[in-house]
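[1] Fold the following, please.
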Amino acid sequence: MTTNQNLKTTYLITLVASLGGLLFGYDTAVISGAVGALETFFVKALDGSPEMAVQSIFHFKIILTLCLLTIVGLLSSFVFKFYTRKTATLAVVLFLVVSGLLYYYGFLKSTTGLTDNLKNSIFGFMVSSALVGCIIGASMGDKIANSIGRRNGLLIAAVLFIISACGSGYPDTFNVFGGNALTSFIIFRIIGGIGVGLASMLSPLYIAEMAPANIRGKLVSFNQFAIVGGMLIVYFVNYFIVKGQSAEWINTVGWRNMFLSENVPALLFLLCLFIVPKTPRFQVMKGRDADAEKVLTQLNGKEKALHIIKEIKASFNQKKAHWLSFGWGIVIVGILLSVFQQFVGINVVLYYAPEIFKGMGMETDASMLQTIIVGAINMIFTVLAIFTVDNFGRKKLMLIGSVVMALSMIGLGFSLYLQTTGFASLLFMLMYIAAFAMSWGPVTWVLLSEIFPNRIKGVLAVAVAAQWLANLVVSWTFPMMNNNTELTELFHHGFSYWIYGVMAVLSALFIWKFVPETKGKTLEEMEQLWDKSNTK
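    Take a look at the predicted model:
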């Protein structure tokens, strides 16, 4: 096979795997166009039916408790990576007792009637529930990748996307969980979130293990491009679904079609995965050297294939170090990078954009069109970041991004507070998106891949889990702040954006004081840097 044929095969495989990234973006952003209709269909309907309200509160308590127990269980497994078994057990038990008492007396026992705050909490959790699945999927990704393989793990993700698309579109028809339609919708969104969590880990891993070393960085970065591309595509799909339609049709039928539309890319992804091979690294791991050699020969030629197999086998002999081998500093920096990426409020904009624009006085069609502009700006500036991060430097980009996001969010908050919404509000929103897409969006992932020495790469899983958890917290709490009657009367919806603006300021201080510049440094040099920090 010629070099050109090798490249064509590599690009085709990358394109198929990147559909996982596209579905990651599609599934997380599809809900943006349906937010208003979901609130009307599921939450506002509770006001007219006391019996349904009581039932929904009961189901919400059950499903929320199960979700929190699952998340606590997953996070507890990370604690055992840091401490001895005895210390870890004591820490987990103490945490469960304290948080359990607070949760029981603060929520389960005190919540009886359908208050405005409870409705906002139900609504926020319904919108952000997929993120619970993302935490579960991401935590399962490594085990699935090493047991059944990267490609087969992506096949599972594709099936989960299809189940979620059908179930989220018709949660009342496909209600097999014993609860009401609201509970069914939340569970189907969690199922889709598990698919997102798997794809978020397995798609770039699959590409990295299939790509030749000289173009690996470019091909892996294409996955990030596919994610923002998926968001932009679904913004267009949502726009054309609701264009010219009545509010009544959107609230009863339109939102269903938005979720069902995900079946198109999900089915394409599922079918295409059957024509691409398993990765050579997984084949060697399972003792199938001949199959690995066949794939590597297709991609790199016969001579290189044998050399790469030797390298793969040698890599299995590398010893892993304890996660705290370089001290707490590197772990805290990695976690805070992930947390600040979400606490600046990016997914509030991506999930609730149409409703935010409606709050600025725009009609449904116009708000959807503005959301497309948000997606386009996100994609354009993400591409710019990919091409400039190696020349401009990580730290500088992150600092500039934090400052611009802080100014944009504080400005947007004042625009809403002073009720001068219009062009200024839109400008602040687009400035914020551009700043995030050029900095904290893609560059956070670059930093996370570089700051952790190879011996403790497993800590990356902790940082990713923290990112999904922070995303859940921000997306869940936004309706509680934005729709709160007292806060709305005082600040006219500006309060939450000031919070995100303050977080952007804190993120700038964090980058300035604690995050090293990794541009031009080898992984070995980064290891020496943390070694020195740990000995001070």
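
[2] and the helix or strand containing residue 450, what other elements does it pack with?
    Per DSSP states H and E, residue 450 falls inside helix 442-451. Applying 3 or more C-beta pairs under 8 Å, 6 or more residues apart in numbering; DSSP states H and E, one finds that helix 442-451 contacts helix 216-242, helix 328-343, helix 364-392, helix 394-417, helix 459-482, helix 523-535. Quick note: C-beta positions are derived from backbone N, CA and C, even for glycine.

[3] As TSV, those with mean neighbour count and distance to residue 154 would be great.
    Shown next, in TSV, are the helices and strands packed on helix 442-451 (neighbours: other C-beta atoms under 10 Å; distance: least, C-beta to C-beta, whole Å):
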stretch	mean neighbour count	distance to residue 154
helix 216-242	21	12
helix 328-343	20	23
helix 364-392	19	22
helix 394-417	22	29
helix 459-482	22	17
helix 523-535	14	27
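
[4] before we move on, back to that, how far does the helix holding residue 450 sit from its chain's centre?
    15 Å (C-alpha atoms, centre = their mean, to the nearest Å).

[5] tell me which residues of it are tucked away?
    442-448, 450-451 (16 or more other C-beta atoms under 10 Å).

[6] With pLDDT and distance to residue 259 as extra columns, can I get those residues in JSON lines?
    Compiled in JSON lines, the buried residues of helix 442-451 are given as follows (pLDDT from 0 to 100; distance: C-beta to C-beta, whole Å):
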{"residue": "442", "pLDDT": "81", "distance to residue 259": "28"}
{"residue": "443", "pLDDT": "83", "distance to residue 259": "32"}
{"residue": "444", "pLDDT": "83", "distance to residue 259": "29"}
{"residue": "445", "pLDDT": "77", "distance to residue 259": "28"}
{"residue": "446", "pLDDT": "75", "distance to residue 259": "33"}
{"residue": "447", "pLDDT": "79", "distance to residue 259": "34"}
{"residue": "448", "pLDDT": "76", "distance to residue 259": "31"}
{"residue": "450", "pLDDT": "70", "distance to residue 259": "37"}
{"residue": "451", "pLDDT": "72", "distance to residue 259": "38"}
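
[7] Could you single out the nearest of the residues you listed to residue 195?
    Nearest to residue 195 among those, counting by C-beta to C-beta, is residue 445 at 19.7 Å.

[8] List the contacts of the closest one.
    The neighbourhood of residue 445, defined by C-beta atoms under 8 Å, 6 or more residues apart in numbering, consists of residue 224.

[9] just residue 276 next, same as before
    Residue 276 neighbours (C-beta under 8 Å, 6+ apart): 12-13, 16-17, 151.

[10] The residues you listed, buried ones only, as a PyMOL selection?
    Of these, the buried ones can be selected in PyMOL as follows, counting by 16+ other C-beta under 10 Å:
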select buried, resi 13+16+17+151
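
[11] quick one, which residue of the chain lies the farthest from its center?
    residue 303 (39.7 Å; C-alpha atoms, centre = their mean).

[12] what pLDDT does that one get?
    We have a pLDDT of 71 for residue 303.

[13] secondary structure element for it?
    helix 302-315.

[14] Show me which positions of that helix end up buried.
    305, 308-309, 312.

[15] From the contact counts, what lies against that helix?
    helix 280-285, helix 289-300.

[16] Among these, which comes closest to residue 418?
    Among the helices and strands packed on helix 302-315, helix 280-285 sits nearest to residue 418 (C-beta to C-beta), with 56.8 Å.

[17] so what does that closest one touch, helix or strand wise?
    Against helix 280-285 (3+ C-beta pairs under 8 Å, 6+ apart) you get helix 130-147, helix 181-210, helix 289-300, helix 302-315.

[18] So which bits of that helix are buried?
    Here helix 280-285 shows 280-285 as buried, counting by 16+ other C-beta under 10 Å.

[19] likewise stretch 177-187?
    179-187.

[20] How much space separates the most centrally placed residue in the chain from residue 156?
    Centrality entry for the chain: nearest residue to the mean C-alpha point is residue 468, 5.9 Å, by C-alpha atoms, centre = their mean. Taking C-beta to C-beta, to the nearest Å as the measure, residue 468 falls 18 Å from residue 156.

[21] my read: residue 356 touches residue 429, true?
    Yes: A contact is recorded between residue 356 and residue 429 when judged using C-beta atoms under 8 Å, the distance being 7.5 Å.

[22] residues shared between the contacts of those two?
    With C-beta under 8 Å, 6+ apart, residue 356 and residue 429 have common neighbours residue 349.

[23] follow-up on the earlier one: mind giving me JSON lines with the buried residues of helix 280-285 and columns for distance to residue 67 and pLDDT?
    Shown next, in JSON lines, are the buried residues of helix 280-285 (distance: C-beta to C-beta, whole Å; pLDDT from 0 to 100):
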{"residue": "280", "distance to residue 67": "38", "pLDDT": "84"}
{"residue": "281", "distance to residue 67": "34", "pLDDT": "82"}
{"residue": "282", "distance to residue 67": "31", "pLDDT": "84"}
{"residue": "283", "distance to residue 67": "37", "pLDDT": "85"}
{"residue": "284", "distance to residue 67": "38", "pLDDT": "84"}
{"residue": "285", "distance to residue 67": "33", "pLDDT": "83"}
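
[24] Could you export those residues to TSV, including columns for distance to residue 124?
    Listed next are these as TSV, based on distance: C-beta to C-beta, whole Å:
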residue	distance to residue 124
280	44
281	41
282	39
283	44
284	46
285	42
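
[25] And the residues you listed, which is closest to residue 259?
    residue 282 (32.6 Å).

[26] same for the helix or strand harbouring residue 510, what does it pack against?
    Applying DSSP H and E as the criterion places residue 510 in helix 495-514. Where contact means 3+ C-beta pairs under 8 Å, 6+ apart, helix 495-514 is packed against helix 328-343, helix 394-417, helix 459-482.

[27] got the buried residues for it?
    In helix 495-514, counting by 16+ other C-beta under 10 Å, buried: 495-508, 510-511.

[28] Please export the alpha-carbon coordinates of stretch 410-430; PDB is fine.
    Output of stretch 410-430 as PDB, limited to C-alpha atoms (Å, rounded to 0.1, in the frame of the first residue of the first chain):
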ATOM      1  CA  ILE A 410     -19.900  41.200  34.400                       C
ATOM      2  CA  GLY A 411     -21.000  43.500  31.500                       C
ATOM      3  CA  LEU A 412     -23.800  41.100  30.500                       C
ATOM      4  CA  GLY A 413     -25.000  41.000  34.200                       C
ATOM      5  CA  PHE A 414     -25.100  44.800  34.300                       C
ATOM      6  CA  SER A 415     -26.800  44.900  30.900                       C
ATOM      7  CA  LEU A 416     -29.600  42.700  32.300                       C
ATOM      8  CA  TYR A 417     -29.700  44.500  35.600                       C
ATOM      9  CA  LEU A 418     -30.100  47.900  33.900                       C
ATOM     10  CA  GLN A 419     -32.600  46.300  31.500                       C
ATOM     11  CA  THR A 420     -30.700  47.700  28.500                       C
ATOM     12  CA  THR A 421     -30.800  44.400  26.700                       C
ATOM     13  CA  GLY A 422     -30.200  44.300  22.900                       C
ATOM     14  CA  PHE A 423     -27.100  44.700  20.900                       C
ATOM     15  CA  ALA A 424     -24.800  45.200  23.900                       C
ATOM     16  CA  SER A 425     -26.000  42.000  25.600                       C
ATOM     17  CA  LEU A 426     -25.500  40.000  22.400                       C
ATOM     18  CA  LEU A 427     -22.000  41.500  22.000                       C
ATOM     19  CA  PHE A 428     -21.000  40.600  25.600                       C
ATOM     20  CA  MET A 429     -22.300  37.000  25.000                       C
ATOM     21  CA  LEU A 430     -20.300  36.600  21.700                       C
END
